[in-house]
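Student: here is the input, now give the coordinates:
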Amino acid sequence: MKAAAHPLMPEMRLVSVRDLAWLTGSLLIVILPHAMRAPWWLTLLTLCLFGWRFYYALNRAPLPSRWLVLGVAAVAMLGVWMEYHTLFGRQPGVLLLMLFSGLKLLETRTHRDAAAAAFLGYFLIVTNFLYTQSIPTALAMGAALFSITATLVGFSAPSRAARANLRTASLLLAHAAPAALALFLLFPRVQGPLWGLPQDAYAAMTGLADTMTPGYISKLALSDAIAFRAEFLGDSPPQPQRYWRGPVMWDFDGRSWSVGALLPSDEAPPSGGRVTYRYDVVLEPHNHNWLFALETAASVPPEARYSVDGQLLSRLPVRARVRYEVTSTIGVVVRPDERPILLRRALRLPPRSNPKATALAMEWRAAAARDDQLLVRAITFLREGRYLYTLEPPLLGSDSVDEFLFSTKAGFCEHFASAFVFLMRAAGVPARVVTGYQGGDLNPFDRIITVRQSDAHAWAEVYLNGRGWVRVDPTAAAAPNRIDSGLARAVPESEQPLMLRAELEWLRDFRYQWEALAHKWNVWVLGYNPERQRELMSFVGMRDADWRSLTATLFTALGLMTLVLLAWSLRRLARPDPVQRSWRAFCAKLAAQGVARAPTEGPRDYAARAARALPNARRAILQIAALYIGLRYGPHASVRRAKQLRRLVRELRLT
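Tutor: The predicted structure follows:
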């Protein structure tokens, strides 16, 4: 015959309103970041499931049938499939887990069901790091971890006060912290991000693209997102020299510029230059192969290559934060003669495109004896043409260069660069568009330059015989403040991004401090890669540490921690309970007066017998026994009452 389940087993203990409140609050902390990314209807449905379960708890009504729960799940899954056209991948998969947390809560009846929902919350904590590993995310998920742990402790001790459960959860997590630190430092690292994801994880990354259409960079300039940070060894270059080279555009279809085929260079980066800078770059992921460096890069980082048009290219798309060291030279450098095939490519124009600009360029060509004279004519034309530099340029049609030069006369850097390169090519001078970033914000707290998407920029390069490729920035002709002082001084205040406005200087100071902290977090925590692990191991004496030695060291450290924790726990268990110690002292005093406690005698019976035997101390004996019974078996034990028991036993006088 099957034995009946014990009434204190988790599958028999019903969830109370307090348990439900703790569990719901913990799950809300976990799903809040996901809810901000989810479709509004799915967030609303999940919150309704949480509220529905509370309605049943407060009204003591029976929970919905399993078929109703399955029906809600099926409808929600159909909605997710219609939203994303799949049930797999990062976003739909995580959102389904968020929904399932509400469904599991809806069918939770016992502590066993509640524990399953809590463990689902642990798993949802991990999924938040699939989107971002920032400091706020780590703090929020740390709070969620603490809350869920305290909730599970409460399931095991439902009669304890909430403060005691929080204290126990803190102790458990404190015990786990050294092991977590050892795992972080010693677990063999692998190349690439820890949170590797399928291709859909990179779809929403912002940054420069391999094409440039009028208006693209002006939209990108409204973003305050960080593109990369650069820490210089020594002085940093002044603002006008901060040209961070990125994709180079060769091909033009009459409206848009594109990179085209990327050709690796067989030669070393050019040398020479007036000033040399050495610096480290921490590049944010952008899902492309290019790395950014000051013009002109004089070294190539490991796992990168140098292209014929001066780009630094990673061998794999940058899908995780990357740190690399590079050296750049500023000024005149020694450049090899360009290949004829590339010069012909730098002269290509679509037929019958932008006839007005073509006619103007041919006129300049007829009047100029040398190519450098053409440059002067083009720059003077843009400088004296009263062009407006704006973040809100008008839309352009198929002949975008003609419309910009002769009609709208308003544009952003891509308009100026595109028009200038077109004019040069139409005049017979090889030219190309270079995109990247110009400027950067020097943080006064850590002296690191932060380059944002708002610093995105486009300029031109022309090829001159005897000099090679020469940078020309047409934007400087119409808006010199953009190059000298940054975007904030070049556009009207109404168009400036919020953080660039003068009245928010106090907010910028706070951001500087926060970004200095975030940079350290990125470098020392998120950037803890195999190279940094080897550096740390070498520092502590483990040279040439491979995965075998790291694994052995890790298990040795975890074993030592386990032994220390076990010894501490055994010592704590061997130490008498202060309440029990006071009771033993009480019994010893009574035994000295001839009233010894029998092994089978309970505290209430023993106190009654001792009170009859020692009538002079009757009141004190009964008070001590009642206090001990309340502390030992009652629901309201406290440190204050334990101290009171010890004091009463110490003050007890039997003679």
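Student: pLDDT score assigned to residue 241?
Tutor: Per-residue pLDDT puts residue 241 at 89.
Student: spatially, what comes nearest to it if we skip its sequence neighbours?
Tutor: Once flanking residues are discounted, residue 241 sits nearest to residue 330: 5.4 Å by CB to CB, 6 or more residues apart in numbering. Using the backbone N, CA and C atoms, a C-beta is placed for each residue, glycine as well.
Student: ok, that neighbour - contacts?
Tutor: 237, 241, 273, 274, 275, 276, 277, 294, 295, 296 (CB atoms under 8 Å, 6 or more residues apart in numbering).
Student: if we use 6 Å, what do you get?
Tutor: 241, 273, 274, 275 (CB atoms under 6 Å, 6 or more residues apart in numbering).
Student: filter the residues you listed to the buried ones?
Tutor: For these, a burial check counting by 16 or more other CB atoms under 10 Å picks out 241, 273.
Student: between which two of the contacts of residue 330 is the distance greatest?
Tutor: Maximum pairwise distance in those, criterion CB to CB, is 11.2 Å, between 241 and 273.
Student: residue 226: which of the contacts of residue 330 is nearest?
Tutor: So of these, ranked by how close each gets to residue 226 (CB to CB), first place is residue 241, at 20.7 Å.
Student: if I look at that closest one, how far off is residue 479?
Tutor: Using CB to CB, to the nearest Å, residue 241 is found at 17 Å from residue 479.
Student: do residue 228 as well
Tutor: For residue 228, the distance to residue 479 (CB to CB) stands at 24 Å.
Student: before we move on, what about residue 444?
Tutor: In this view, residue 444 and residue 479 are 26 Å apart by CB to CB.
Student: one more: residue 30?
Tutor: For residue 30, the distance to residue 479 equals 48 Å [CB to CB].
Student: quick one: which of these two has more around it?
Tutor: Legend: neighbour count by other CB atoms under 10 Å for residue 30 and residue 479, higher for residue 30 (28 against 21).
Student: how about that one, what does it touch?
Tutor: 121, 124, 125, 144.
Student: ok, 8 Å please
Tutor: Residues in contact with residue 30 (CB under 8 Å, 6+ apart) are 101, 121, 124, 125, 128, 141, 144, 148.
Student: just the element for it, please.
Tutor: When elements are assigned from DSSP states H and E, residue 30 belongs to helix 17-37.
Student: mean confidence score for that helix?
Tutor: Per-residue scores along helix 17-37 average to 88.
Student: make sure residue 209 is indeed in a helix.
Tutor: No - counting by DSSP: H, G, I helix; E, B strand; the rest coil, residue 209 is located in no helix; its state is coil.
Student: leaving out chain neighbours, which residue sits closest to it?
Tutor: residue 216 (7.2 Å).
Student: just checking, residue 326 is part of a strand?
Tutor: Yes - judged by three-state DSSP, residue 326 forms part of a strand.
Student: low pLDDT regions in the stretch 101-250 of the chain?
Tutor: 158-159, 190-206 (pLDDT under 70).
Student: for residue 281, give me the pLDDT.
Tutor: pLDDT, residue 281: 93.
Student: wait, isn't it in contact with residue 232?
Tutor: No - using CB atoms under 8 Å, residue 281 is not in contact with residue 232, being 10.2 Å away.
Student: those two - which one has more neighbours?
Tutor: Remark: of residue 281 and residue 232, residue 281 carries more neighbours, 22 against 16, as counted by other CB under 10 Å.
Student: for the more buried one, pull up the helix or strand it's in.
Tutor: Here residue 281 is assigned to strand 275-283, by DSSP H and E.
Student: now the helix or strand following that strand: mean pLDDT?
Tutor: Counting by DSSP H and E, the next helix or strand C-terminal to strand 275-283 is strand 290-291. Strand 290-291 carries an average pLDDT of 92.
Student: what does strand 290-291 contact?
Tutor: Identification of contacts with strand 290-291 by CB under 8 Å, 6+ apart yields 208, 246-247, 281, 283, 301, 304, 311-314, 318, 322, 324, 326.
Student: closest one of those to residue 584?
Tutor: After measuring those against residue 584 - CB to CB - the closest member comes out as residue 322, at 65.2 Å.
Student: show me what contacts the residue lying closest to the closest one once chain neighbours are set aside?
Tutor: Distance criterion CB to CB, 6+ apart; nearest residue to residue 322, sequence neighbours excluded, is residue 283 at 4.7 Å. The contact partners of residue 283, taken as CB under 8 Å, 6+ apart, are 227, 228, 291, 292, 318, 321, 322, 323, 324.
Student: in TSV: those residues, plus neighbour count.
Tutor: Below are the contacts of residue 283 laid out as TSV (neighbours: other CB atoms under 10 Å):
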residue	neighbour count
227	25
228	24
291	25
292	24
318	20
321	17
322	22
323	19
324	20
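Student: output the residues you listed as TSV; include the columns distance to residue 349.
Tutor: Putting those into TSV (distance: CB to CB, whole Å) gives the following:
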residue	distance to residue 349
227	31
228	33
291	30
292	29
318	32
321	40
322	36
323	41
324	36
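Student: perfect, I'm done here.
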